Structures are given as structure tokens and as C-alpha cells.
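> The sequence and its predicted three-dimensional model are supplied below.
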Amino acid sequence: MATAARSLYLPTPPKPSNPSPNHRLHVPSHFRPRLQRHGHRLAASSSDLTSFPDPAPTPNGVYIPLAAAHAAAVAAIDVDAATEAELRENGFRSTRRTKLICTVGPSTCDAAELEALAVGGMNVARVNMCHGDREWHRGVIRAVRRLNDEKGFAVAVMMDTEGSEIHMGDLGGAPSAKAEDGEVWTFSVRSSDTSLPDRIIHVNYDGFAEDVKAGDELFVDGGMARFEVIEKLGPDVKCRCTDPGLLLPRANLTVWRDGSVVRERNAMLPTISSKDWIDIDFGIAEGVDFIAVSFVKSAEVINHLKSYIAARSRGSDIGVIAKIESIDALKNLEEIIRASDGIMVARGDLGAQIPLEQVPSIQQKIVRTCRQLNKPVIVASQLLESMIEYPTPTRAEVADVSEAVRQRADALMLSGESAMGRYPEKALSVLRSVSLRIEKWWREEKRHEALELQDVSSSFSDKISEEICNSAAKMAWESMLSLSTLRMATWPPCSHDAVQTAQSSRSRRRRRSGDG
Ligand SMILES: Nc1ncnc2c1ncn2[C@@H]1O[C@H](COP(=O)(O)OP(=O)(O)O)[C@@H](O)[C@H]1O
Ligand SMILES: C=C(OP(=O)(O)O)C(=O)O
């Protein structure tokens with residue numbers, strides 16, 4: 001399991017073993033073979049080498065012949081097809097560390113569309129069990145596996161559970177419905193297999209009509225459309241649209257009363273519903289790499305799921321990702337992060353539970369805590385929302401993506417942009433180019449950053465020892481910065497371990513059992 005999780009983030013760079021006396025680069029051999037299964041051996045072309053300049057001697061006088069080291073490293077490192085293309089395009093110095101996750105939906109579910117995403121840099125394909133049926137998901141998961149096996153890609157699969165959230169029905173097959181200002185719509189718990197009349201929406205939670213009151217606010221899809229409850233008539237709740245918007249099938253519903261989220265009986269529903277357990281069994285059987293758990297409230301459910309996976313599939317390396325999207329999750333943040341293999345900042349639902357203006361600072365806090373606890377973290381939702389409809393992102397969206405990369409999020413996730421948008425490949429390419437740009441900027445900034453060390457000694461003799469230690473630390477820091485380029489070239493990138501993300505569970509199993 002740890003292997004899959006680390007595929008998003010490998011925090012500790014490997015220690016070079018036995019540095020040779022002349023300080024030439026030593027490529028740690030235990031890092032070489034990771035990509036072997038799907039790997040393409042990347043031959044060092046002369047253009048790769050000429051675009052990779054030899055540096056000046058480092059401040060402490062150590063001279064490292066980069067081109068030679070680079071050639072040796074290139075000859076030894078195997079990469080998957082998408083990484084190979086990126087390396088050829090950008091050179092080793094621009095190897096991307098930020099992973100890209102695409103939600104697969106009607107816009108991207110066939111083999112050619114999935115391949116286009118893999119070529120565009122998708123590291124993880126996400127299937128959301130809230131939508132579609134298991135046959136549909138099986139088809140997607142297998143298509144991703146085929147891409148990996150037959151075309152040398154290395155795309156991992158993440159299955160996202162539906163969770164016990166309240167959501168609308170599927171609009172009788174319609175792709176969306178528009179709610180206009182002042183219109184009265186009925187949200188009903190009456191079950192119906194057939195399509196409901198206009199402006200009647202089915203709600204999946206039986207207690208909905210009992211829990212709401214006239215005057216409550218109803219947020220659809222994290223506030224993309226809003227209604228006010230005007231009347232209850234048995235199982236039907238009549239609501240007036242106050243903020244017009246597009247209603248999407250199975251959109252999440254949140255009720256607010258007097259400025260706070262209403263957490264009535266639905267807060268007592270289990271995090272993992274009986275349907276989720278069946279989906280989890282399905283995911284284990286299909287060999288998904290990650291299971292993302294919706295509406296996690298505490299560490300307990302993560303521990304329980306991990307034990308369940310371990311019991312169901314011995315030696316499984318399925319990573320469990322906790323989605324932080326509720327007030328309860330924020331209360332227990334640290335214990336949830338410690339228990340999980342990774343975290344998703346699920347800003348869509350989170351933004352329906354806390355005031356919107358708090359979402360950016362909460363995101364920063366979650367990412368920072370994950371960094372401190374060495375856990376991979378995904379920033380998700382509405383990164384490029386306008387690209388569902390338009391081919392170019394807004395400047396604000398680009399700034400949002402940049403900020404997530406600057407915060408050192410390990411992965412960025414597309415939702416509707418790739419699942420049902422008109423420009424999934426373009427959206428992915430924006431994530432990719434912005435990630436590369438900010439990472440480059442970050443490396444350049446870091447290069448000029450001075451190492452600040454606090455004075456801790458009180459006596460004169462301690463001060464002398466401290467000076468010596470500080471000088472040694474600063475020299476190490478400077479040489480480390482000058483070596484950062486080299487590190488990119490020789491170590492399989494750390495949180496950017498395209499290799500591991502790359503490997504499907506199946507290929508890992510095969511290799512483990514010795515036939516791959
Ligand atoms: N498997 C699917 N089948 C149909 N539509 C999907 C599927 N997955 C995602 N979608 C569409 O893409 C939108 C965004 O996906 P996602 O963010 O996963 O879901 P949600 O909006 O429910 O949180 C969904 O609202 C839905 O309209
Ligand atoms: C990623 C999210 O979860 P889901 O797509 O399941 O609503 C979110 O709410 O931001």
C-alpha cells in the first residue's frame with residue numbers, strides 16, 4: 001500500500017551511496033529499475049546533452065561534470081511513454097513533479113480519449129462512483145490498464161467513493177437543467193425510476209423533507225445554484241431559486257440555516273455506505289491503485305478501510321486517500337492525515353460547508369500540514385472550471401493553479417473539465433504547462449534563498465562550535481542547491497515519481513510474482 005501512496009510523494013531524496021573520491025556523480029542503483037515494467041529505455045541523444053550545460057564549479061570548489069553524469073544517468077533510467085515525451089520536450093531540468101489527475105467521464109471514457117490524456121501527462125485516472133454504473137467503471141479501468149500494458153503508459157487508477165452525501169437524482173437522463181432566478185422547483189424524496197416532470201428533482205436521502213425547514217438555504221453543487229425552502233408538502237420540498245445556475249445530474253446538496261450548515265440526521269450516516277463497500281470490493285477486484293474516501297470525519301474510518309483492504313487482498317498496495325470536505329474532517333485534520341496514505345482538498349464540497357472566503361486559507365493549511373507530515377496532497381475542484389465550456393482558462397484560474405503548485409501540492413485534479421467538459425485535453429495541457437512554469441520559478445527562487453540559522457548557544461565555547469556547525473550547514477545547503485539540477489537528472493523525481501505512479505497494480509503484482 002505504501003508503494004502506491006509514495007507514488008504521489010517520495011519526500012526523502014535518496015542518499016548517494018559511496019560518493020566516489022573525485023566527487024563525480026554516483027547514480028544509486030536501487031533507483032534505476034523502477035520503470036522497467038512499462039518502461040521505455042530513453043537513449044541519450046546528442047541534443048539532450050547539448051541542452052544540458054556544464055556548470056561552473058560549486059561554491060565549495062567541487063566540480064561536477066554534469067553532461068557526463070547526465071549521459072550515464074540517461075543510459076540507466078527507464079521511463080514511461082509520457083515521461084519520455086516530456087523529457088524530450090523539456091529536458092531533465094524540467095521534469096514535472098506535480099502529478100495530474102483527470103476525472104474520467106462521458107467526454108473522456110473511450111480508448112482514444114484516454115490515450116490523448118495519457119499523452120498529455122495524465123498520471124492518475126479518477127473514476128467517481130457517484131456517477132455511472134460498475135460496468136461503465138470496469139470498462140474505463142480496463143482501458144487504462146490496456147493503455148499501460150500495450151502502449152507503455154503508466155497511468156494509475158483512483159476510485160472515488162460516493163459516500164453518504166445528500167445528492168440529487170440523475171435528471172432522468174438529461175445532461176443538465178437550468179434553474180432561473182425566482183423559479184419554484186420541487187425537491188422530492190419520492191422514489192421514481194422514470195423521468196420526473198419538469199422542475200421536480202429527486203433527492204437520495206429519505207430524511208431530507210423532515211430535516212429542512214421553511215427559510216433554509218439549499219446549495220446545489222457547492223453553491224453553483226441556490227434555492228430558498230418555501231414550503232414542505234409531505235415528501236416534497238418546494239424551493240425558490242435565488243441564485244440561478246446549471247443543475248448537473250447527481251449534484252451534491254447542502255442545507256444552510258442561520259448562516260451555518262445544517263447537520264441533522266444525515267451527519268450520523270456512516271462515512272462508507274453499504275453501496276460504497278460493494279464499490280470498494282469492486283475496486284479491489286479490479287486492482288485500482290487508490291481509493292479516495294468521501295466525507296471522511298475521523299481517522300477511524302481510514303484505519304478500518306485499510307484493515308479491510310489488507311484482509312481482502314493480502315499484500316495489496318492500494319493507497320487510501322481521505323477527502324477533506326467537511327467541518328468534521330477539519331476538526332480532526334491531523335489524525336486523518338496521519339492515518340491516510342494521501343489527502344484530497346475537495347474544495348467543491350468543502351466550499352459548501354464553510355464560508356467560501358475561508359477555502360484558500362484552509363487549503364494552504366491542509367497542504368502545509370501534509371508537507372510537514374510527509375503525506376501526499378491533491379488539490380481538487382474548479383481549478384479550470386471555465387474550461388468546461390471555453391478553450392482558454394481565466395487569469396484567475398491560472399493564478400489558482402499556480403498557487404497550488406507554489407504551495408507544493410503533489411497533485412492537481414480535473415473534475416468536470418475532463419469528465420464532461422468540451423476541452424479535456426486543453427485543460428490538462430494548461431495544468432501541465434502552469435505546473436512546469438511554477439516549478440521552474442520555484443527552483444530559481446530557491447537557488448537564491450539564503451539558509452537562515454538561529455543562534456542557540458549561550459557560552460563562548462558553544463558559540464565557536466555553533467559557528468563551525470553553521471558554516472558546514474551553509475556549505476552543504478549551497479552545494480545542494482547547485483546540485484539540484486543534477487538531482488533532477490539522476491534520481492527518479494521524488495514526488496514526481498512518474499515511475500511509480502506509472503505502474504499499475506497489475507504490473508507490480510506481476511513483477512512481484514516474477515513474470516514481468
Ligand atoms: N462516470 C460519469 N458518468 C457521467 N457523468 C460523469 C461521470 N463522472 C463525472 N461526470 C460528470 O462530471 C461532473 C464532474 O465530476 P465529479 O467532480 O467527479 O462529480 P461531482 O460534480 O458529482 O462532484 C459530474 O457532475 C458529472 O456531471
Ligand atoms: C472532489 C470533490 O468531491 P466530489 O467530486 O466527489 O464531489 C469535491 O467536492 O471537491
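That came in fine, so what should we check first? Residues are numbered from 1 along each chain as shown. Ligands and ions are numbered 1, 2, ... in the order given.
> Only C-alpha atoms from now on, for both contacts and neighbour counts.
OK.
> Which residue is the nearest non-sequential neighbour of the residue of the stretch 401-516 of the chain found nearest ligand 2?
Each residue of the stretch 401-516 of the chain has a distance to ligand 2, by C-alpha to the nearest ligand atom, and the smallest belongs to S415, at 6.6 Å. Excluding its sequence neighbours, the residue lying closest to S415 (C-alpha to C-alpha, 6 or more residues apart in numbering) is T103, at 5.1 Å.
> Kindly report the same for A404.
Leaving aside its sequence neighbours, A404 sits nearest to V379 (C-alpha to C-alpha, 6+ apart; 6.8 Å).
> Now that neighbour: phi and psi?
V379 adopts backbone torsions of phi -100, psi 120, taken as degrees, to the nearest 10.
> again, but for E444
Dihedral angles (degrees, to the nearest 10) for E444: phi -70, psi -40.
> Ok, I101 next?
According to degrees, to the nearest 10, the main-chain angles of I101 amount to phi -110, psi 130.
> For it, give me the pLDDT.
At I101, the model reports a pLDDT of 98.
> From what I see, K178 and G245 are in contact.
Yes. In this structure K178 lies within contact range of G245 using C-alpha atoms under 8 Å: 5.9 Å.
> Tell me the residues of the stretch 251-400 of the chain that contact ligand 1?
Counting by C-alpha under 6 Å from any ligand atom, the residues of the stretch 251-400 of the chain close to ligand 1 are A251.
> Select the helix or strand of the protein having the lowest average pLDDT value.
For the chain, using mean pLDDT, DSSP states H and E, the weakest element among its helices and strands is helix 46-50, scoring a mean of 27.
> is it true that I309 touches G283?
No. When contacts are counted by C-alpha under 8 Å, I309 is not listed as touching G283 (10.2 Å).
> So if I had to pick from those two, which one is more boxed in?
Neighbour comparison, I309 and G283: the larger count goes to G283, with 24 against 21 (by other C-alpha atoms under 10 Å).
> Which parts of the stretch 51-200 of the chain are helices?
Along the stretch 51-200 of the chain, the stretches classed as helices by DSSP state H, counting those that start in this stretch are 66-76, 81-90, 111-119, 134-151.
> Over to the stretch 201-350 of the chain?
208-211, 274-286, 299-312, 327-331, 333-339, 347-353.
> helices and strands around the last one, which ones?
Read it as helix 347-353. helix 359-372, strand 377-380 (3 or more C-alpha pairs under 8 Å, 6 or more residues apart in numbering; DSSP states H and E).
> for the ones you listed, which one sits closest to D110?
Relative to D110, the nearest member of these by C-alpha to C-alpha is strand 377-380, separated by 23.2 Å.
> Would you check how far apart S164 and S361 are?
From S164 over to S361 the distance is 26 Å, taken as C-alpha to C-alpha, to the nearest Å.
> Identify the residue of the stretch 401-516 of the chain closest to ligand 1, quick one.
Using C-alpha to the nearest ligand atom, the single residue of the stretch 401-516 of the chain nearest to ligand 1 is G416, 3.6 Å away.
> what residue ranges in the stretch 251-400 of the chain score low on pLDDT?
Scanning the stretch 251-400 of the chain for pLDDT under 70 picks out the ranges 264-266.
> tell me which element K440 is part of?
Assigned by DSSP states H and E, K440 falls within helix 424-447.
> That helix near ligand 1 at all?
No. Contact check for helix 424-447 against ligand 1, using C-alpha under 6 Å from any ligand atom: none in range, with a minimum separation of 11.4 Å.
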